[in-house]
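Visitor: My questions are about this predicted structure, shown below with the sequence.
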Amino acid sequence: MKRIYSFLFMVLLVAGFSAAQAGTLYKWVDSQGRVSYHDQPPPEGSGYRVEEKNLGSGKKSESDDNLEKIVEKYPVILYSVPVCGSCDLARIYLQKRKVPYSEQNLENNGELQQTLKAKIGSLSAPIVMIGEKVMKGYVESILEGELDAVGYPKSESAKPAGEESKEQDDTSTQGDSGYRPARSRY
């Protein structure tokens, strides 16, 4: 019976969101399997399993159109192998920045290996291609610069270095304790 009420609550909750209220809905599941829905993620280290659902108006924004054009002109392809720390870091960075990309596994694909050797002269992992630009290995600052150069949007959490420290100074002078919990998802 509780599941039916939870389901009905979820349906009403989702149906009640207007375009102005669209955002992210978080589904928290505790260790006993109890489910609750919130507009904020749980505190870090709380032990909840979290699922996110982006609730949007269904309309495409101008930034979505711009991103589609960039993806069409400069598609991102990650060539990787399954057991590869640098490949994992590249994948995490692309996901964090919300860059649409495709991934090709080089491990058992001899034809793909030969094609890449012919195209770029050698074979290593990871290889990140942004349009025709080839990056061998993973260096976050270089990947970031290449994505910026072709117009991919910056991650929402990325702020200029001086801006973050100024924000911390402002909050501490307003009588606030300055405590901000870290919310890392990756």
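Guide: Looks like it came in fine.
Visitor: make it CA atoms for all contacts and neighbour counts henceforth
Guide: Noted.
Visitor: Would you map the helices across the protein?
Guide: Ranges of helices in the chain, per DSSP state H, are 2-16, 62-73, 85-96, 110-120, 140-150, 161-173.
Visitor: For the last one, give the mean pLDDT please.
Guide: The predicted model gives helix 161-173 an average pLDDT of 47.
Visitor: Check the longest one too.
Guide: pLDDT averaged over helix 2-16 equals 52, rounded to a whole number.
Visitor: for the fifth one, same thing?
Guide: Computed over helix 140-150, the mean pLDDT rounds to 95.
Visitor: any idea how far Lys73 is from Tyr138?
Guide: With the distance defined as Cα to Cα, to the nearest Å, Lys73 ends up 22 Å from Tyr138.
Visitor: My error: substitute Leu94 in the last question.
Guide: 11 Å.
Visitor: go on, Trp28?
Guide: Applying Cα to Cα, the value for Trp28 to Tyr138 is 34 Å.
Visitor: what's the neighbour count on Ser124?
Guide: Ser124 sits with 14 neighbouring residues when counted by other Cα atoms under 10 Å.
Visitor: Give me the more crowded residue out of Lys73 and Tyr138.
Guide: When neighbours are counted by other Cα under 10 Å, Lys73 and Tyr138 differ, and Tyr138 comes out ahead with 20 against 13.
Visitor: Spit out the contact partners of the more buried one.
Guide: 86-87, 89-90, 126-128 (Cα atoms under 8 Å, 6 or more residues apart in numbering).
Visitor: same question, Ser31
Guide: Here Ser31 is in contact with 47-48 (Cα under 8 Å, 6+ apart).
Visitor: Check the spacing between it and Met135 real quick.
Guide: For Ser31, the distance to Met135 - Cα to Cα - is 42 Å.
Visitor: can you check Val99 too?
Guide: For Val99, the distance to Met135 - Cα to Cα - is 16 Å.
Visitor: I am finished for the moment; much appreciated.
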